[in-house]
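Asks: can you look at this prediction? I've put the sequence above it.
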Amino acid sequence: MAISKVWIEEGCTACELCVDICPEVFEMADDTAVVIENAKVDVFEDQVIEAADSCPVEVIRYEA
């Protein structure tokens, strides 16, 4: 699928699950998760999808 963009919408509960699944793309900033600037999202596509599917509040989005 080749993911080209990943973002986190409002509503993150800072559970850190996405960081645990894919620390190469996600990190914690204050009280929310963020996408690391210039992260190689295409390289970690499977982990990004897993993080999005695992997000308890479903705020991780991605597009090809």
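Replies: Sure thing, it's come through. As the structure is a computational prediction, the values presented were derived from the model and not from experiment.
Asks: hey, let's count contacts and neighbours off CA atoms from now on
Replies: Noted.
Asks: okay, buried residues for the longest helix anywhere in the chain please.
Replies: Longest helix of the chain, by residue count under DSSP state H: helix 45-54. Within helix 45-54, the residues that qualify as buried are 45, 47-49, 51-52, counting by 16 or more other C-alpha atoms under 10 Å.
Asks: wouldn't Lys5 be in contact with Ala39 here?
Replies: No: with contacts counted by C-alpha atoms under 8 Å, Lys5 stays clear of Ala39, the gap being 9.7 Å.
Asks: still on that earlier bit, what's in contact with the longest helix of the chain?
Replies: 2-3, 17-18, 21-22, 25, 41, 58-61 (C-alpha atoms under 8 Å, 6 or more residues apart in numbering).
Asks: average pLDDT for the helix or strand where Val19 lies?
Replies: Remark: Val19 resides in helix 17-21, with elements defined by DSSP states H and E. Averaged across helix 17-21, pLDDT comes to 98.
Asks: what of stretch 34-41?
Replies: Average pLDDT, stretch 34-41: 96.
Asks: Cys12 belongs to a strand?
Replies: No: under the criterion used here (DSSP: H, G, I helix; E, B strand; the rest coil), Cys12 is coil, not part of a strand.
Asks: and it, how many neighbours does it have?
Replies: The number of residues packed near Cys12 is 18, by other C-alpha atoms under 10 Å.
Asks: who wins on neighbours among the contacts of helix 45-54?
Replies: Within those, neighbour counts (other C-alpha under 10 Å) peak at Cys18, which reaches 26 neighbours.
Asks: hang on, the earlier thing: Serialize the buried residues of helix 45-54 to CSV and add fields for distance to Thr32 and pLDDT.
Replies: Formatted as CSV, the buried residues of helix 45-54 follow (distance: C-alpha to C-alpha, whole Å; pLDDT from 0 to 100):
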residue, distance to Thr32, pLDDT
Glu45, 21, 96
Gln47, 19, 98
Val48, 17, 98
Ile49, 19, 97
Ala51, 15, 98
Ala52, 15, 98
